[in-house]
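Undergrad: Here's my sequence, what's the structure:
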Amino acid sequence: MKKIGVISAILEEPSESQQDFNNIVSSFKGIIRGRMGIPFEEEQIAVISLTVVGKLDEINSLTGKLGNLPNVLVKTAISKKEI
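TA: Numbering: from 1, shown residues only. Have a look, this model is predicted:
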């Protein structure tokens, strides 16, 4: 069964981690339904929100890979209800 989730990420050095971040996200394009990014150029921070629909293992795998990137902080909220 699938669940809906929101993955929030803060890239503290976007110039160093954004390419790797985008590569990981595109490798999970099958579960990503939406993406919103807000750059804070003066602060050198980017805030990205991903809306995902997938199996719990898939969502956790994406979250884990993103969280292992240097200077990337990740939090995830996952629905209790299965769809």
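Undergrad: rest of the way, CA atoms for contacts and neighbours
TA: Will do.
Undergrad: Tell me if residue 62 really is in a strand.
TA: No - counting by DSSP: H, G, I helix; E, B strand; the rest coil, residue 62 falls outside a strand, being helix.
Undergrad: what's the nearest residue to it if we skip its chain neighbours?
TA: Using C-alpha to C-alpha, 6 or more residues apart in numbering and skipping residues adjacent in sequence, the residue nearest residue 62 is residue 28, 7.0 Å away.
Undergrad: Number of residues surrounding the nearest residue to residue 32 once chain neighbours are set aside?
TA: Leaving aside its sequence neighbours, residue 32 sits nearest to residue 52 (C-alpha to C-alpha, 6+ apart; 4.5 Å). Residues near residue 52, counting by other C-alpha atoms under 10 Å, number 24.
Undergrad: Which secondary structure element is home to residue 52?
TA: Secondary structure assignment for residue 52, by DSSP states H and E: strand 45-54.
Undergrad: Roughly how far does the residue nearest to residue 62 sit from residue 12?
TA: For residue 28, the distance to residue 12 equals 22 Å [C-alpha to C-alpha, to the nearest Å].
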